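Q: A structural model of the following input is requested.
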Amino acid sequence: MEIDAGKRMGKFFYIYSSTVICLITVYSILVKRSLGLLLNLFFMTALLDSILAENYSKYNGFYENGMIFGSFIEWNDIFSWKKVGDDKISFLGKDGIRFDVETKSIQNEAIDFLISKAISEEK
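A: Modelled structure (predicted):
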């Protein structure tokens with residue numbers, strides 16, 4: 001059961017991140033300071049994380065072993081769920097983090113699927 005990928009990162013973010021990485025690298029080499037190269041790690045991890053989330057979001061949906069919503073979440077990591085409005089389901093993870101998923105027109109199918117996976121509903 002697939003879910004709409006939602007908002008995607010724009011090309012501006014990728015161009016901006018790549019430009020910042022290049023500028024910091026050139027500056028660090030010219031000034032001969034390694035601190036700037038360490039600063040690049042921050043921008044590179046943010047860029048790579050966003051690329052990974054972008055690629056995963058193509059496959060957003062509910063699957064047999066878990067769900068993909070930006071990243072893979074196993075069913076045994078989900079504590080409970082509750083219906084929020086006509087097009088959202090809110091999940092509470094066992095780690096205490098809550099996140100919402102827009103289900104659009106498949107909300108009833110998604111709820112039936114969650115019940116079949118024995119995930120409890122919040123009251």
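
Q: the bottom helix or strand of the chain by mean pLDDT?
A: Each helix and strand of the chain was given a mean pLDDT (mean pLDDT, DSSP states H and E); the minimum falls on helix 35-56 at a mean of 78.

Q: packing partners of whatever helix or strand comes next after that helix?
A: As assigned by DSSP states H and E, the chain's next helix or strand after helix 35-56 is strand 61-62. Using 3 or more CB pairs under 8 Å, 6 or more residues apart in numbering; DSSP states H and E, the elements in contact with strand 61-62 are helix 107-116. Using the backbone N, CA and C atoms, a C-beta is placed for each residue, glycine as well.

Q: what about M44, how many neighbours?
A: Other residues within reach of M44, judged by other CB atoms under 10 Å, total 14.

Q: that one and S28, how far apart?
A: The spacing between M44 and S28, counted by CB to CB, to the nearest Å, is 13 Å.

Q: repeat for D86
A: Distance from D86 to S28, by CB to CB: 52 Å.

Q: could you list the low-pLDDT ranges of the protein?
A: 1-10 (pLDDT under 70).

Q: what comes up buried for the least confident helix or strand of the chain?
A: 36, 39-40, 43, 47 (16 or more other CB atoms under 10 Å).

Q: how about stretch 115-123?
A: 117, 119.

Q: next one: that stretch to chain centre, how far?
A: On the basis of CA atoms, centre = their mean, to the nearest Å, stretch 115-123 sits 22 Å off its chain's mean C-alpha point.
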